[in-house]
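K.L.:
need a 3D model of the following:
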Amino acid sequence: MKKAITSISFLSICIAYTVGLIFFAVQQVIENGKVDDFGVIIFWSGLFELLAWVLFLRIPLVRLNHDLPIFKRSLFPLISTLYAEIVFTILIGWLFLQSDFYEVFSITAVVGLHLA
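P.N.:
Numbers count the residues shown, from 1 in each chain. Next comes the predicted model:
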């Protein structure tokens, strides 16, 4: 069962990562009419997504009791969105907080919602 949870969590973060990139591209096209440096964004955000999956999803998911109330369908999307925001802030958020690049938090929220 633990291997299945690990595989599902990796698939889930890959789907959420793709949805987040699509959301980012659409947002950039609406605001600027184009998306700059998308390949670089895919590469670096992919590395951070993989790091986030290993540190903040794979390890905790194996140890958590999945019968806890936080895993209920009504509560889990909110919890996973907040968790994604916290993980993002821990990994690289401080860089964006110093540069006033707050729109990245909306993309993180999209990723967190799709993890649920």
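K.L.:
give the rounded mean pLDDT of the helix or strand Val62 falls within.
P.N.:
Element membership for Val62, per DSSP states H and E: helix 59-63. Mean pLDDT, helix 59-63: 76.
K.L.:
any idea how far that helix is from the chain center?
P.N.:
17 Å (C-alpha atoms, centre = their mean, to the nearest Å).
K.L.:
can you list the helices and strands that that helix packs against?
P.N.:
Contacts defined by 3 or more C-beta pairs under 8 Å, 6 or more residues apart in numbering; DSSP states H and E place helix 59-63 against helix 2-32. The C-beta positions use only the backbone N, C-alpha and C, and glycine is treated the same way.
K.L.:
CA atoms of the helix holding Val62 as PDB?
P.N.:
The C-alpha trace of helix 59-63 is given here as PDB (Å, rounded to 0.1, in the frame of the first residue of the first chain):
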ATOM      1  CA  ILE A  59       8.300  11.100   3.400                       C
ATOM      2  CA  PRO A  60       5.200  12.500   5.300                       C
ATOM      3  CA  LEU A  61       2.700  10.400   3.300                       C
ATOM      4  CA  VAL A  62       4.300   7.100   4.300                       C
ATOM      5  CA  ARG A  63       4.200   8.100   8.000                       C
END
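K.L.:
in space, what's closest to Val29 - neighbours in sequence excluded?
P.N.:
In space, and not counting its chain neighbours, Val29 is closest to Val35: 6.2 Å by C-beta to C-beta, 6 or more residues apart in numbering.
K.L.:
which of the helices or strands spans that neighbour?
P.N.:
Using DSSP H and E, Val35 maps to neither a helix nor a strand.
K.L.:
and if you look at Gly46?
P.N.:
Gly46 belongs to helix 38-52, assigned by DSSP H and E.
K.L.:
send the alpha carbons of that helix over as PDB?
P.N.:
C-alpha atoms of helix 38-52 as PDB (Å, rounded to 0.1, in the frame of the first residue of the first chain):
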ATOM      1  CA  PHE A  38       9.200  29.300 -20.500                       C
ATOM      2  CA  GLY A  39      11.800  26.600 -20.900                       C
ATOM      3  CA  VAL A  40      13.900  27.900 -18.100                       C
ATOM      4  CA  ILE A  41      10.700  28.200 -15.900                       C
ATOM      5  CA  ILE A  42       9.800  24.600 -16.700                       C
ATOM      6  CA  PHE A  43      13.300  23.400 -15.900                       C
ATOM      7  CA  TRP A  44      13.800  25.200 -12.500                       C
ATOM      8  CA  SER A  45      10.200  24.800 -11.300                       C
ATOM      9  CA  GLY A  46      10.400  21.100 -12.200                       C
ATOM     10  CA  LEU A  47      13.500  20.700 -10.000                       C
ATOM     11  CA  PHE A  48      11.800  22.400  -7.100                       C
ATOM     12  CA  GLU A  49       8.600  20.300  -7.600                       C
ATOM     13  CA  LEU A  50      10.600  17.100  -7.500                       C
ATOM     14  CA  LEU A  51      12.400  18.400  -4.300                       C
ATOM     15  CA  ALA A  52       9.100  19.400  -2.800                       C
END
